[in-house]
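Colleague: Next input, structure requested:
(one chain, ligands or ions: 2)
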Amino acid sequence: MSKGNIMALSVALIAFVSFAASVHAIDCFKGQTRPCGSNIGACQAGVRVCHDGNWSDCIGGTLPSDEICDNGIDDDCDGATDECLTFAPVLIITGLLLFVIMGLLIKLGF
Ligand SMILES: [Ca+2]
Ligand SMILES: [Ca+2]
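Modeller: Ligands and ions are numbered 1, 2, ... in the order given. Sure, this is the predicted structure:
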C-alpha cells in the first residue's frame, strides 16, 4: 500500500469516527457504573448504570424530599435537621414584642 493510500485511508477513518461520534454522542460504555446522590441526612447514595451509551437515572438511592419540620431528620439532605423550626421562634418573639410595644404605646396615649 502506497503512502498516498495510507494517508487517504487514515483521513477517511478519522472522518468516519468523527461522523459516528457526532451522530450519537456516547457518554459511557456498557457495564460502567458510577455513584450518584449523597449520604447526607435521610439521603442514600445510589448508582447510575450505562445503557446504550447514556447514564441511567440514579437507581437504589434515596433522593431529597421536602423538609418536615418536627421529625428530627434532615429530609432535604442539606446538612441541617428540621431547619424550618429555627424560623418559628423568631416570628413568635417578634410578634410578642410588637404586641407589648403596641400595648404600651396605646396605654401612653400615642
Ligand atoms: Ca434539612
Ligand atoms: Ca426534618
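Colleague: In a helix, residue 71, correct?
Modeller: No: applying DSSP: H, G, I helix; E, B strand; the rest coil, one finds residue 71 to be coil, outside a helix.
Colleague: In this structure it contacts residue 65, no?
Modeller: No: judged on CB atoms under 8 Å, residue 71 makes no contact with residue 65 at a distance of 11.0 Å. (C-beta placed from N, C-alpha, C; glycine too.)
Colleague: Does residue 93 lie in a helix or a strand, and which?
Modeller: helix 87-107 (DSSP states H and E).
Colleague: now that helix: how far from the chain's centre is it?
Modeller: Mean-position distance between helix 87-107 and its chain equals 39 Å (CA atoms, centre = their mean, to the nearest Å).
Colleague: ditto for stretch 84-98
Modeller: In terms of CA atoms, centre = their mean, the centre of stretch 84-98 is found 31 Å from the chain centre.
Colleague: With stretch 96-110 instead?
Modeller: Stretch 96-110 sits 48 Å away from the centroid of its parent chain (CA atoms, centre = their mean).
Colleague: Give me every residue in the protein lying close to ligand 2.
Modeller: By CB under 5 Å from the ion, the residues of the chain that approach ligand 2 are 67, 68, 71, 73, 75, 82.
Colleague: Reformat the residues you listed as a markdown table; add pLDDT, neighbour count and distance to ligand 1.
Modeller: Shown next, in a markdown table, are these (pLDDT from 0 to 100; neighbours: other CB atoms under 10 Å; distance: CB to the ion, whole Å):
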| residue | pLDDT | neighbour count | distance to ligand 1 |
| --- | --- | --- | --- |
| 67 | 95 | 20 | 5 |
| 68 | 95 | 13 | 9 |
| 71 | 95 | 11 | 11 |
| 73 | 97 | 14 | 8 |
| 75 | 97 | 19 | 6 |
| 82 | 93 | 15 | 7 |
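Colleague: Now render those as JSON lines, adding distance to residue 60.
Modeller: Shown next, in JSON lines, are the residues of the chain next to ligand 2 (distance: CB to CB, whole Å):
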{"residue": "67", "distance to residue 60": "23"}
{"residue": "68", "distance to residue 60": "23"}
{"residue": "71", "distance to residue 60": "23"}
{"residue": "73", "distance to residue 60": "20"}
{"residue": "75", "distance to residue 60": "19"}
{"residue": "82", "distance to residue 60": "26"}
